[in-house]
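>>> Build me a structure from this.
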Amino acid sequence: MLHYWQREIENLKKLILSLGAIVEEQIQRAMLSLERRDTALADEVIIRDREVDSLEILIEEECLKILALYQPVAKELRFVVAVLKMNNDLERMGDLASNIAKRARYLSRKEKIELLSDFIEISGKVQSMVKKSLDALVNTDVMLAKEVLAADDEVDRLTKQMLKRTVNAIEKNPDRTKEFFSIRSISKNLERIADSATNIAEDVVYLCSGEIIRHQSEDFNPEEQHER
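So this is what the prediction gives:
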């Protein structure tokens with residue numbers, strides 16, 4: 001029975017890592033479709049989101065099966081709970097990558113906007129966060145997970161700068177407002193991907209130590225809380 005239980009856990013780990021690899025590739029390809037103005041690549045990202053959704057459902061079913069059949073405790077229970085949470089964040093990342101691809105497809109049909117080059121730094125940092133969060137999961141590396149947490153503030157700073165540039169561009173080119181709103185949407189999607197990578201990193205810390213660190217570093221703001 002123990003051997004079978006261990007196989008179930010190993011299989012679950014393989015599934016969540018497979019989902020992570022697909023989502024990481026989806027983000028890379030979505031940003032590449034934006035950079036290259038490649039509608040075919042954008043379409044591939046959008047279509048493949050179905051694969052992400054299917055795998056997310058399978059992982060959830062496997063988690064619930066393990067909880068029902070084996071009633072795990074201690075470290076094994078933390079692992080299943082962490083996978084359930086990571087599974088949701090990875091599926092969300094897949095949706096956000098698909099959103100970026102849709103915006104990239106729209107913008108590819110319009111006159112090129114130089115502001116798009118500003119995404120290079122943001123995209124690089126976000127993709128690094130995603131990779132590190134998944135590497136932290138593979139290696140159960142708390143220090144690497146905490147590097148992801150530290151990087152989130154820099155992404156927030158860069159996306160705020162992008163918002164200012166976008167607003168200025170709209171003021172100068174009001175006839176292209178819809179296109180600049182698409183750029184703003186891409187920036188927001190990247191910021192949310194970074195947030196999801198942060199969630200995964202926090203879950204790695206929980207998996208390794210049992211410590212729940214979510215919200216510990218956040219300053220409470222009643223107005224922001226109300227907006228959510």
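
>>> Pull out the buried residues from the strand or helix carrying I170.
Assigned by DSSP states H and E, I170 belongs to helix 142-172. Residues of helix 142-172 classed as buried: 142, 144-149, 151-152, 155, 158-159, 162, 166, 169-170 (neighbour count, 16 or more other C-beta atoms under 10 Å). (C-beta placed from N, C-alpha, C; glycine too.)

>>> ok, M31 - contacts?
Applying C-beta atoms under 8 Å, 6 or more residues apart in numbering to M31 gives the contacts I100, F119, S123, Q127.

>>> Tell me how far the last one lies from V167.
From Q127 across to V167, the span is 26 Å (C-beta to C-beta, to the nearest Å).

>>> what's the answer for the second one, then?
Counting by C-beta to C-beta, the gap between F119 and V167 amounts to 16 Å.

>>> same thing with the first one?
I100 is 20 Å from V167, where distance means C-beta to C-beta.

>>> Also the third one?
Computed with C-beta to C-beta, the distance linking S123 and V167 is 20 Å.

>>> Other residues contacting stretch 118-127?
By C-beta under 8 Å, 6+ apart, the residues outside stretch 118-127 that reach it are 24, 27-28, 31, 34-35, 151, 154-155, 158-159, 162, 165, 186-187, 190-191, 193-194, 197.

>>> Repeat that for stretch 57-66.
With C-beta under 8 Å, 6+ apart as the test, stretch 57-66 has contacts from E8, I9, N11, L12, L15, I16, L19, P72, V80, V83, L84, N87.
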